[in-house]
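K.L.:
Fold the following.
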Amino acid sequence: QVQLVESGGGLVQPGGSLRLSCAASGSIFSIDVLGWYRQAPAKQRELVAAITSGGSTNYADSVKGRFTIWRDNAKNTVYLQMNSLKPEDTAVYYCNGWGGGGWYREPSNDYWGQGTQVTVSS
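P.N.:
Below is the predicted model of the structure:
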């Protein structure tokens with residue numbers, strides 16, 4: 001089992017910045033990819049950004065150039081720096097970790113955090 005604990009959400013004005021953190025614990029050796037998803041009210045959960053243990057990244061088009069993901073493997077933590085935030089970035093952000101080799105997601109090796117609220121509003 002893997003436990004993922006997010007922190008860093010909150011309220012920020014448009015154009016502002018926030019940094020999210022997600023600390024992983026447990027059987028972390030089984031995790032290849034750590035990432036962030038978000039879900040806004042009445043919308044489907046969507047990928048924001050993800051990073052493999054080797055450092056390869058994947059970003060949603062809507063956040064490219066504004067968000068940066070990185071991981072500290074020594075601390076088993078993944079970060080999401082969010083700059084130039086927009087009201088449409090408002091959502092619950094979930095940390096997700098999965099394993100299976102490369103970007104492949106093995107269904108039995110797929111873990112989620114509890115989520116952290118990000119609200120962008122003036």
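
K.L.:
tell me which element the most centrally placed residue in the chain is part of?
P.N.:
Most central in the chain under CA atoms, centre = their mean is residue 36, positioned 1.9 Å from the mean C-alpha point. Assigned by DSSP states H and E, residue 36 falls within strand 33-39.

K.L.:
what is the mean pLDDT for that strand?
P.N.:
For strand 33-39, mean pLDDT is 97.

K.L.:
re earlier: got a list of what the nearest residue to the residue nearest to the centre of the chain once chain neighbours are set aside touches?
P.N.:
Spatial nearest neighbour of residue 36, chain neighbours left out: residue 48 (4.4 Å); criterion: CB to CB, 6 or more residues apart in numbering. Yep, even glycine has a C-beta here, placed from its N, CA and C like the rest. Taking CB atoms under 8 Å, 6 or more residues apart in numbering, we find residue 48 in contact with 35-38, 59-60, 63, 67, 80, 93.

K.L.:
Those residues: which two are farthest apart?
P.N.:
By the measure CB to CB, 59 and 93 form the most distant pair in the contacts of residue 48, at 14.1 Å.
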